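Peer 1: would you be able to build a 3D model of this:
(2 chains)
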Amino acid sequence: MSQQLKINREVNIEVDREGFRASAKELGERAAGIFTGNQKSQMKNLENITNSAHKMTDVLNFIKRQTGKAKAGDGWKRSNFGQGLLEQLEMNVERKVGPICQALAFGEGDAPGRMDIKLRLAREYIRQLVVHYEYRLGDDQ
Amino acid sequence: MRLEDRLREKVKVISETELYGRACSFVDGYVREKNKPVKVSQVSGLEQVALNTDSLGTVERFINKQREKDRYREFYMRLNTELQGIRNMVVKGGLVGDYLGSEAENAPRKRFNEVRDFFALLLFREYVLHLGSHMRYKGETD
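Peer 2: Next up is the predicted model:
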């Protein structure tokens, strides 16, 4: 089995464990109450940025910039969405990256490998979030 | 892996594993000590200069000019220390050695410094991106 396939398999195993999807679902549902009307593109942009990012910090920087730009109590700042997303994303990714690296026998020195896994986990988290966001948005309409 | 790809990968790793945390700590430490939120205007000029110039000297001149002004003197003094730290990081991270290859040992000082400053600018741009994002985030929420 190629290394890429092994990474995919280990990432999927960890993603299926308790907590990861539930956290993304909760944030996706929260987002459905915030990003409506002309703000719908925000979640699509988040997904696009995450899919085209070269490293996880590109995603974190995007969330920080959007949160910083938002007016108090609106958009990314409403219900502490931006801050919550940053915290949940970092926590969920950090918690999963260790076991995956262990399963793949990645050492501490294998920084590119660890970064790749982090980015894959971030993509999966955001994908789940957007799926739940769109599902809930469709429900409300 | 081609040299170009290997160097790009190294810059990416340093950016994520070293510079991101360093930029966040810089902003958090400054906000905590000053006990007031940072302003975007503090960093937007630096972003323009760092991202649009091809010379580290231009960035250094900009920082030195800002240090002469009262308003953000301390911020830019600290930032200058960060820039020097990033310069050292280039050498320690092996970027200069990788780029020069066998030429590294006998390279004249001028050539060594040129290569070092080229990579220092690439890393400093990454640092400024992290810094700007964290400042915008903290500037509004603190």
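Peer 1: show me which residues of chain A sit near chain B.
Peer 2: Taking CB under 8 Å from any CB of the partner chain as the contact definition, chain A meets chain B at A:54-57, A:60-62, A:64-65, A:67-70, A:72, A:77, A:82-83, A:111-112, A:115. For glycine as for every other residue, the C-beta is placed from the backbone atoms N, C-alpha and C.
Peer 1: from those residues, which would you call buried?
Peer 2: Buried members of the residues of chain A next to chain B, scored by 16 or more other CB atoms under 10 Å in any protein chain shown, are A:55-57, A:60-62, A:64-65, A:67-68, A:70, A:77, A:82-83, A:111, A:115.
Peer 1: closest to B:Val96 out of those residues?
Peer 2: A:Ala111 (18.9 Å; CB to CB).
Peer 1: could you check the pLDDT of A:Val15?
Peer 2: On the pLDDT scale, A:Val15 is placed at 88.
Peer 1: look up how far A:Gly75 lies from it.
Peer 2: Distance, A:Val15 to A:Gly75, using CB to CB, to the nearest Å: 28 Å.
Peer 1: how many residues are close by A:Ala103?
Peer 2: When neighbours are counted by other CB atoms under 10 Å in any protein chain shown, A:Ala103 registers 15.
Peer 1: same thing with the one 5 residues further on?
Peer 2: Neighbour count of A:Glu108, defined by other CB under 10 Å: 7.
Peer 1: in terms of helices and strands, where is it?
Peer 2: For A:Glu108, there is no host helix or strand (DSSP states H and E).
Peer 1: need phi/psi at it.
Peer 2: In terms of degrees, to the nearest 10, the main-chain angles of A:Glu108 are phi -60, psi -30.
Peer 1: what do you get for A:Lys71?
Peer 2: With angles defined as degrees, to the nearest 10, A:Lys71 sits at phi -80, psi 150.
Peer 1: do I have it right that it meets A:Arg78?
Peer 2: No. A:Lys71 lies out of contact with A:Arg78 (CB atoms under 8 Å); the separation is 9.4 Å.
Peer 1: just the pLDDT for B:Arg32.
Peer 2: According to the prediction, B:Arg32 has pLDDT 90.
Peer 1: oh, I was asking about A:Lys25
Peer 2: In this prediction, A:Lys25 carries a pLDDT score of 94.
Peer 1: excluding its backbone neighbours, what's nearest residue 75?
Peer 2: Because you didn't say which chain, this covers chain A. Excluding the flanking residues, the one nearest A:Gly75 by CB to CB, 6 or more residues apart in numbering or on different chains is A:Gln39, at 6.2 Å.
Peer 1: chain B was what I was after
Peer 2: Spatial nearest neighbour of B:Phe75, excluding adjacent residues (CB to CB, 6+ apart): B:Gln42 at 6.0 Å.
Peer 1: count of residues packed around A:Gln39?
Peer 2: As a burial measure, A:Gln39 scores 15 neighbours (other CB under 10 Å).
Peer 1: quick one: it and chain B, what's the gap?
Peer 2: Using CB to the nearest CB, to the nearest Å, we find A:Gln39 at a distance of 18 Å from chain B.
Peer 1: surely that residue meets A:Arg78?
Peer 2: No. Under the criterion of CB under 8 Å, A:Gln39 is not in contact with A:Arg78, lying 10.0 Å apart.
Peer 1: what about B:Gln66, which SS state?
Peer 2: The three-state label given to B:Gln66 by DSSP: H, G, I helix; E, B strand; the rest coil is helix.
Peer 1: any stretches of chain A with poor pLDDT?
Peer 2: Low-confidence segments of chain A, defined by pLDDT under 70: A:139-141.
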